[in-house]
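# Pasting the sequence and the predicted coordinates here, then a few questions.
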There are 2 protein chains.
Amino acid sequence: MSEKQSLYRKSLIKHLYFSGKLSCAELSVLTDKSLPHTARALNDLLEEGVIVESGLATSTGGRRPQVYSMKADFMYVVSVAMDQFITHISILDMANQVVGNIERVELNLLTNPQAIKELAQHLVLYIQKEGIPKEKIAGIGIGMPGFVDGLKGVNYSFFNGNGSNIINYVEGVTGLPVMIDNDSSLIALAEWKLGIARQRQNAMVVNIGWGIGLGMILDGSLFRGENGFAGEFSHIPLFTNNKICNCGKTGCLETETSLQVITGKAIEGLQQGRISTMKGLSTERLEESSRIIMDAAANGDKYAIELISDAAYHIGRGIAILIHILNPGLIVLSGRGAIAGRLWLAPVQQALNEHCIPKIAENIEIKISPLGFNAERLGAASLIMEHFDELPMHRKTKSLQMVS
Amino acid sequence: MSEKQSLYRKSLIKHLYFSGKLSCAELSVLTDKSLPHTARALNDLLEEGVIVESGLATSTGGRRPQVYSMKADFMYVVSVAMDQFITHISILDMANQVVGNIERVELNLLTNPQAIKELAQHLVLYIQKEGIPKEKIAGIGIGMPGFVDGLKGVNYSFFNGNGSNIINYVEGVTGLPVMIDNDSSLIALAEWKLGIARQRQNAMVVNIGWGIGLGMILDGSLFRGENGFAGEFSHIPLFTNNKICNCGKTGCLETETSLQVITGKAIEGLQQGRISTMKGLSTERLEESSRIIMDAAANGDKYAIELISDAAYHIGRGIAILIHILNPGLIVLSGRGAIAGRLWLAPVQQALNEHCIPKIAENIEIKISPLGFNAERLGAASLIMEHFDELPMHRKTKSLQMVS
DNA sequence: GACACTTATTAAAAATTTAATAGAATTATA
DNA sequence: TATAATTCTATTAAATTTTTAATAAGTGTC
């Protein structure tokens, strides 16, 4: 099969992966090729068992189209979702379903300079254990916090930030194609391809977590900036509060709004005698504590609601800036913090009412992500599939090797 | 000639317009077509007298390539550069040179609801007067301030903002293809295609004028947002100064930095006895007054320099936000205010040092536009040429008609 | 039941690329 | 300094890709 044919088939596979089911006519439009051409490629894929016919779609006033979908077990993607403390590894099939077990690894990115080496070791073992043949794995997508240059394969914020090429290293050890990106960008990618921002041309995905991340869909594609650093929403100067941010500056959005800060404020407030149902908070156990606060807020605890509302209002001020600069059609609140759901909406909307020019704000939708914790996992897999039709078909792969 | 051939030739023309001179090999890369295919089209264009051979380029280690360029009189573009008070109309040839006269028309966009009707009348007369046959005019590009939706052809800020379709109207009257866009976007387009941001993938072009405009080049194309309103840099909330902006909100960047505000401050300061060489300032004659201030600053007047430095520092704070969100590679200071040139650079740089994370700021270049007043004119022409390979070749055109 | 509309398939035509070859310049080698 | 090797450009012919046009097959609407 020629390079061109192979590329076109990969493009079809990519579209079917992200859309689930598509007709030949739809694929023809999506790939910008003629119908007979698309039909031929589709029939080939059908014969080879890459895709399956999955019924007829409803008619739109003419003959009902045959729709096709990926065979779920045709191929797999390894997804790695890292945060500063915990890394989750999983394998997804062509229907975006987790197959087998999810591995949870404790990797402290800041204090452990061996984190990438350990990750690679875990990956080799995990893939062996799960028993998926390597030829069936399209690649390994990795999401991580920090300044990530996905082209150079470098994370400047962690792993000593010494500019070493993470992609090359992990590819070398695992023998599989590897792509990396910033966690917030991947969450945006997931929301755009598989979540609530599907089909949108311009969307801002705010990742409420240990910091406030931002992933952007601009003109129908994920925007990463000149060096991959776009979306540093956490550190726009928004306050004159003289609080020192962990980036070294003062007044960053993050200093008043991240889950880490909210937890700190809650503990302080309780010590000062604020009345609340919350207990057991500790800066040592951030994950648990932020959970407690959000649950309390969801259950009507006044102080918890106040804490979240304040943070939400300030995030709203930041979003107002985004709206003026980028005129998006949709704002998505995502990330672990978004679990508190509708609690965020009113204060954010309030901030927009106060700080936006009505004309530019009037067409904006604000939505809470339904993907939740799955967002980064799906994003990491999407990263591989998003570029699936760009990789050489038969990439040279060494066999899985042990790291000594 | 087939539709496809025609389209490809238009694409070649577009590239030659923006680049001046190109070899067949370069065009082949730019248009993503094979060399033989490009060569054939190029030879056709040569035979028909659309393009000319213009010498051999220097060798890069092999045979020297023949370079081609547009015949300057093959086609023309009508450029309309509007600001709130004055509109300039001109005709540019395929070498971006003004041919004939530049017409200056006083059109107050805010107070004159007939402004578009008058513009259309002026256009018809102007084109007749200049004596360029209509078949040789590719179209009319119009730049204007305000919230402009270039697809719908609507300006929501002026002309009553009643949603009437400017494009349809002017096309109807002139019988020529018309495109409209926001002035700052067009300045960015000009800087990107023909100015200091040429070849850049990600650049912010700040238009220092009666307001502070922003045009953005993102991932190698002009970004306009969901409704064409992106770049409302003037109105991001950056101050707690309680000054009411003409957008109705308080604390907008514009309330401390636009030329209008600087002029106001200067008058106030002089009344309060500040020592300065400046005289004859008046809010009535904004254009003249802002000129006086910038000249004074350029000549070392301390007060004028202070005024500009203060404004520049605050613009710098705004740019710091842009940098965090969008991670551009280049910042261009353009517009009438940029004439003060290097005076702006130091305070802007100072603000970036204070407000940017070093890692994200380290690769940023800041430059002053050399295009000056020509930027919007070139941008309006570029708007037509940028979309030249999208328009149908033989658009139905009525003959020029008089407006009664 | 005629008509319009959408999908599916086939054959013919057009677009586009690949491969092969020659020309013209630079760089390397002796 | 001459000569060979290499690199890049230009052109031609053959092969491939891709589209257009024509036709048939289902569906909904008037």
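Noted; the coordinates are in hand.
# which stretches of the stretch 101-250 of chain A form strands?
Per DSSP state E, counting those that start in this stretch, the stretch 101-250 of chain A has strands spanning A:137-144, A:148-149, A:154-155, A:178-182, A:203-208, A:212-218, A:221-223. These are given in chain order.
# Can you name every helix or strand that the second one contacts?
So the one you mean is strand A:148-149. In this structure, strand A:148-149 makes packing contacts with strand A:154-155, strand A:178-182, judged by 3 or more CB pairs under 8 Å, 6 or more residues apart in numbering or on different chains; DSSP states H and E. Glycine gets a C-beta too; all of them are placed from N, C-alpha and C.
# I'd like to know which of the ones you listed lies nearest to residue A:42.
Checking the helices and strands packed on strand A:148-149 against residue A:42 by CB to CB gives strand A:178-182 as the closest, at 27.0 Å.
# Outside of that closest one itself, list whatever touches it.
Defining contact as CB atoms under 8 Å, 6 or more residues apart in numbering or on different chains, one finds that strand A:178-182 is touched by A:139-148, A:150, A:153, A:155, A:166-167, A:170-171, A:189, A:213, A:215, A:224, A:228, A:231, A:379-380, A:383-384, A:387.
# Report the separation between the residue of the stretch 201-350 of chain A found nearest DNA strand C and residue A:322.
Proximity to DNA strand C, evaluated over the stretch 201-350 of chain A using CB to the nearest atom of the strand, is greatest for residue A:220 at 21.9 Å. Applying CB to CB, to the nearest Å, the value for residue A:220 to residue A:322 is 18 Å.
# neighbour-wise, which of those two wins?
Under the neighbour definition other CB atoms under 10 Å in any protein chain shown, residue A:220 and residue A:322 were set side by side, and residue A:322 has more, 20 against 11.
# for that one, helix, strand, or coil?
State at residue A:322, reduced to three classes by DSSP: H, G, I helix; E, B strand; the rest coil: helix.
# Confirm for me that it is in contact with residue A:204.
Yes. Between residue A:322 and residue A:204 a contact is recorded at 5.4 Å, counting by CB atoms under 8 Å.
# Tell me how many other residues surround residue A:145.
For residue A:145, the neighbour count with other CB under 10 Å is 21.
# coming back round to it: just the buried ones from the contacts of strand A:178-182, in PyMOL syntax?
Under the burial definition 16 or more other CB atoms under 10 Å in any protein chain shown, those of the contacts of strand A:178-182 that qualify are selected in PyMOL by:
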select buried, chain A and resi 139+140+141+142+143+144+145+146+147+148+150+153+155+166+167+170+171+189+213+215+224+228+231+379+380+383+384+387
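# Just the closest residue of the stretch 101-250 of chain A to chain B, please.
With CB to the nearest CB as the measure, the residue in the stretch 101-250 of chain A that lies nearest chain B is residue A:225; the distance is 2.8 Å.
# now do the stretch 301-404 of chain A
With CB to the nearest CB, the shortest gap between the stretch 301-404 of chain A and chain B falls at residue A:327, namely 2.8 Å.
# State the pLDDT value of that residue.
At residue A:327, the predicted lDDT confidence score is 97.
# for the nearest residue to it once chain neighbours are set aside, what are its contacts?
For residue A:327, the nearest residue in space outside its immediate sequence neighbours is residue B:225; the separation is 2.8 Å by CB to CB, 6 or more residues apart in numbering or on different chains. Contacts for residue B:225 (CB under 8 Å, 6+ apart) come out as A:202, A:326-328, B:231.
# Can you flag the buried ones in the residues you listed?
A:202, A:326-328, B:231.
# In helices, which of the residues you listed appear?
In this view, those that belong to helices under DSSP state H are residue A:326.
# residues in contact with the residue of the stretch 301-404 of chain A closest to chain B?
Under the criterion of CB under 8 Å, 6+ apart, the neighbours of residue A:327 are A:202, A:360, B:224-232.
# Output those residues as JSON lines; include the columns distance to DNA strand D and pLDDT.
Conversion of the contacts of residue A:327 to JSON lines gives the following (distance: CB to the nearest atom of the strand, whole Å; pLDDT from 0 to 100):
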{"residue": "A:202", "distance to DNA strand D": "28", "pLDDT": "98"}
{"residue": "A:360", "distance to DNA strand D": "38", "pLDDT": "88"}
{"residue": "B:224", "distance to DNA strand D": "28", "pLDDT": "97"}
{"residue": "B:225", "distance to DNA strand D": "30", "pLDDT": "97"}
{"residue": "B:226", "distance to DNA strand D": "29", "pLDDT": "96"}
{"residue": "B:227", "distance to DNA strand D": "31", "pLDDT": "95"}
{"residue": "B:228", "distance to DNA strand D": "30", "pLDDT": "95"}
{"residue": "B:229", "distance to DNA strand D": "34", "pLDDT": "95"}
{"residue": "B:230", "distance to DNA strand D": "32", "pLDDT": "96"}
{"residue": "B:231", "distance to DNA strand D": "35", "pLDDT": "96"}
{"residue": "B:232", "distance to DNA strand D": "39", "pLDDT": "94"}
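# where does chain A come near DNA strand C, residue by residue?
Counting by CB under 7 Å from any atom of the strand, chain A comes close to DNA strand C at A:3-4, A:23-26, A:35-36, A:39-40, A:43, A:60-66.
# From those, list just the buried residues.
By neighbour count, with 16+ other CB under 10 Å, those hold A:23-26, A:39, A:65-66 as buried.
# which one among those residues gets closest to residue A:286?
Proximity to residue A:286 was ranked across those by CB to CB; first place goes to residue A:26, at 44.7 Å.
# doesn't the closest one fall inside a helix?
Yes. Residue A:26 sits within a helix when classified using three-state DSSP.
# From residue A:61, how far out is it?
In terms of CB to CB, residue A:26 sits 15 Å off from residue A:61.
# So for DNA strand D, which of the helices and strands packed on strand A:148-149 sits nearest?
strand A:178-182 (25.5 Å).
# then the closest one to PDB, C-alphas only?
Extracted in PDB, the C-alpha atoms of strand A:178-182 (Å, rounded to 0.1, in the frame of the first residue of the first chain):
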ATOM      1  CA  VAL A 178       5.500   8.900  22.800                       C
ATOM      2  CA  MET A 179       4.000  12.400  22.900                       C
ATOM      3  CA  ILE A 180       3.800  14.700  25.900                       C
ATOM      4  CA  ASP A 181       1.900  17.900  26.700                       C
ATOM      5  CA  ASN A 182       0.800  20.100  29.500                       C
END
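# Show me the two of the contacts of residue A:327 that sit farthest apart.
Farthest apart among the contacts of residue A:327 by CB to CB are A:202 and B:232. That separation is 14.2 Å.
# wait, isn't residue A:97 in contact with residue A:70?
No. If you go by CB under 8 Å, residue A:97 and residue A:70 don't touch, sitting 11.4 Å apart.
# Tell me which of these two has more neighbours.
Legend: neighbour count by other CB under 10 Å for residue A:97 and residue A:70, higher for residue A:70 (26 against 9).
# For the more buried one, give me its contacts.
With CB under 8 Å, 6+ apart, residue A:70 has these contacts: A:13, A:16-17, A:50-52, A:94-95.
# looking at the residues you listed, which has the most residues close by?
Highest count within those by other CB under 10 Å belongs to residue A:17, 27 neighbours.
# Excluding chain neighbours, what is closest to the residue most central in space within chain A?
Note on chain A: the residue nearest the mean C-alpha position is residue A:187, at 1.9 Å, using CA atoms, centre = their mean. If you skip the residues right next to it in sequence, residue A:187 has residue A:375 as its closest partner in space, 4.4 Å away by CB to CB, 6+ apart.
# so where is the stretch 101-250 of chain A shaky, pLDDT-wise?
In the predicted model of the stretch 101-250 of chain A, residues A:161 satisfy pLDDT under 70.
# What residue in it comes nearest to DNA strand C?
Taking CB to the nearest atom of the strand as the measure, the point where the stretch 101-250 of chain A comes nearest DNA strand C is residue A:199, at 17.2 Å.
# Give me the neighbour count for that residue.
Residue A:199 sits with 9 neighbouring residues when counted by other CB under 10 Å.
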